[in-house]
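Asker: Requesting a structural model of the entry that follows:
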Amino acid sequence: MGISLWQLLIILLIVLLLFGTKKLRSIGSDLGGAVKGFKSSMQGGGENDEAKANEDMNHDESDRVIEGEVDAKEKDKV
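Answerer: Reported below is the predicted structural model:
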């Protein structure tokens with residue numbers, strides 16, 4: 001009464017046809033990232049990783065420099 005190998009292959013083929021390989025690949029990578037994040041947070045490293053990510057984000061903001069020149073000032077023409 002179990003599912004045979006051929007039935008699993010047919011189901012896999014139908015899923016591939018419906019979603020396509022790119023969509024399944026992105027779903028798999030998203031799921032893998034979620035599992036990896038869950039494991040690291042369960043080991044107690046989640047707090048440290050989150051603080052490090054916030055520090056990196058703030059560091060990137062302060063390093064941006066906008067350079068430019070003002071060629072000429074024009075007075076309002078009324």
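
Asker: what comes into contact with the helix or strand hosting Ile11?
Answerer: With elements taken from DSSP states H and E, the one containing Ile11 is helix 5-19. Applying CB atoms under 8 Å, 6 or more residues apart in numbering, the set of residues contacting helix 5-19 from outside is Leu24, Ile27. Where you see a C-beta, it was placed from the backbone N, CA and C, and this is true even at glycine.

Asker: low-scoring stretches of the protein, by residue?
Answerer: Within the chain, the stretches falling below the threshold (pLDDT under 70) are 1, 45-65, 74-78.

Asker: So which residues of it form strands?
Answerer: Counting by DSSP state E, the chain forms no strands at all.

Asker: Quick one: the helices in it, in order.
Answerer: 5-19, 21-42, 46-63 (DSSP state H).

Asker: coming back round to it: now the helix holding Ile11: buried residues?
Answerer: Residues of helix 5-19 classed as buried: none (neighbour count, 16 or more other CB atoms under 10 Å).

Asker: quick one, it and helix 21-42 angle?
Answerer: Using axes from the mean of the first three to the mean of the last three CA atoms, to 10 degrees, the direction of helix 5-19 lies 100 degrees away from that of helix 21-42.

Asker: CA-only coordinates of helix 5-19 in PDB, if you can.
Answerer: Listed next in PDB are the C-alpha coordinates belonging to helix 5-19 (Å, rounded to 0.1, in the frame of the first residue of the first chain):
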ATOM      1  CA  LEU A   5       9.600   4.400  -6.900                       C
ATOM      2  CA  TRP A   6       7.700   4.900 -10.200                       C
ATOM      3  CA  GLN A   7       4.900   6.800  -8.500                       C
ATOM      4  CA  LEU A   8       7.500   9.100  -6.800                       C
ATOM      5  CA  LEU A   9       9.200   9.700 -10.200                       C
ATOM      6  CA  ILE A  10       5.900  10.600 -11.900                       C
ATOM      7  CA  ILE A  11       5.100  13.000  -9.100                       C
ATOM      8  CA  LEU A  12       8.500  14.600  -9.300                       C
ATOM      9  CA  LEU A  13       8.100  15.000 -13.100                       C
ATOM     10  CA  ILE A  14       4.700  16.700 -12.700                       C
ATOM     11  CA  VAL A  15       6.100  19.100 -10.000                       C
ATOM     12  CA  LEU A  16       9.100  20.000 -12.300                       C
ATOM     13  CA  LEU A  17       6.700  20.700 -15.200                       C
ATOM     14  CA  LEU A  18       4.400  22.900 -13.000                       C
ATOM     15  CA  PHE A  19       7.000  25.000 -11.200                       C
END
